[in-house]
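**Q** Sequence plus predicted model, see below.
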Amino acid sequence: DTEVTQTPKHLVMGMTNKKSLKCEQHMGHRAMYWYKQKAKKPPELMFVYSYEKLSINESVPSRFSPECPNSSLLNLHLHALQPEDSALYLCASSQGYLTVTYEQYFGPGTRLTVT
Amino acid sequence: TQLLEQSPQFLSIQEGENLTVYCNSSSVFSSLQWYRQEPGEGPVLLVTVVTGGEVKKLKRLTFQFGDARKDSSLHITAAQPGDTGLYLCAGASEEGSNYQLIWGAGTKLIIKP
């Protein structure tokens, strides 16, 4: 099973709303990632969790707040977003963070629109 | 700043033709992954190459890692409409203690029936 699931599939929110994106994997992977992807661009790394600890925060604005409740779950809490934050948000996982092969398995993404 | 230059950015060809996509860098990578992404979906891992000079085949797709582990290519033989998608290469890099994936810009491939 190489599946990473994400909910919701689509999300429309106003700039004053608070919402959360959820991600789950059952592959026993110990590293999980959040990416942001704009149309026709490659994914941009936002956060990396390794063994449930935040390892990398790529200078992401504080209106994005990640959370890793356990080794299978990853959340991204959203608050006071801007229209330019509209994008496809991707979750990924890998066996480990400091591994040579570094294979990442992606979920289907959440299409976020900020109005 | 490490870069992975991917070319071409866009390719539209007829069914049955062959094509090659390239990813080039001046940096050495520990490994390199190729992904395919459909619109509105997440990237799907196709292959990982690790050893310099390595060649891997996935049906009509052939992936090669350069001898110096700085470049890679994806060759598709007799392309089919089902091959349509965005192809992304990503190199695994170690700079100091900071591991990261360096992404190419992507190749949007359209195969016309």
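**A** Okay, I see it.
**Q** for the chain, what are the low-confidence residue spans?
**A** Went with chain A since none was named. For chain A, the stretches flagged by pLDDT under 70 are A:1-2, A:98-101.
**Q** ah, no, chain B please
**A** Using pLDDT under 70, chain B drops low at B:1, B:94-99.
**Q** for it, longest strand please?
**A** strand B:85-95 (DSSP state E).
**Q** List the neighbouring strands of that one plus their orientation.
**A** strand B:31-37 (antiparallel), strand B:98-103 (antiparallel), strand B:107-112 (antiparallel) (DSSP bridges).
**Q** contacts for it?
**A** Strand B:85-95 is contacted by residues A:40, A:42-43, A:100-102, B:2, B:4, B:6, B:21, B:23, B:25, B:27, B:29-39, B:43, B:72, B:74, B:99-104, B:106-109 when judged by C-beta atoms under 8 Å, 6 or more residues apart in numbering or on different chains. All C-beta atoms are positioned from the backbone trio N, CA, C, and that covers glycine.
**Q** can you pull out the strands in chain A?
**A** Remark: strands assigned in chain A by DSSP E are A:4-7, A:10-13, A:18-25, A:31-37, A:44-50, A:53-57, A:64-70, A:73-79, A:87-94, A:105-106, A:110-114.
**Q** Next to chain A, which bits of chain B? Give me the list.
**A** Within chain B, the positions lying close to chain A (C-beta under 8 Å from any C-beta of the partner chain) are B:30-31, B:33, B:35, B:40-45, B:48, B:50, B:86, B:88, B:90, B:92, B:99-101, B:103-106, B:108.
**Q** Look up how far chain A lies from B:Gln80.
**A** Relative to chain A, B:Gln80 is positioned 23 Å away (C-beta to the nearest C-beta, to the nearest Å).
**Q** How about the contacts made by A:Pro43?
**A** A:Tyr35, A:Lys36, A:Gln37, A:Leu90, B:Pro43, B:Leu88, B:Trp103 are the contacts of A:Pro43 under C-beta under 8 Å, 6+ apart.
**Q** do A:Phe47 as well
**A** For A:Phe47, the contacting residues are A:Tyr33, A:Trp34, A:Leu54, A:Ile56, A:Asn57, A:Glu58, A:Val60, A:Pro66, A:Leu76, by C-beta under 8 Å, 6+ apart.
**Q** and which of these is nearest to chain B?
**A** Set against chain B, the nearest of the contacts of A:Phe47 by C-beta to the nearest C-beta is A:Ile56 (7.8 Å).
**Q** number of nearby residues for the closest one?
**A** Number of residues near A:Ile56 (other C-beta atoms under 10 Å in any protein chain shown) recorded here: 16.
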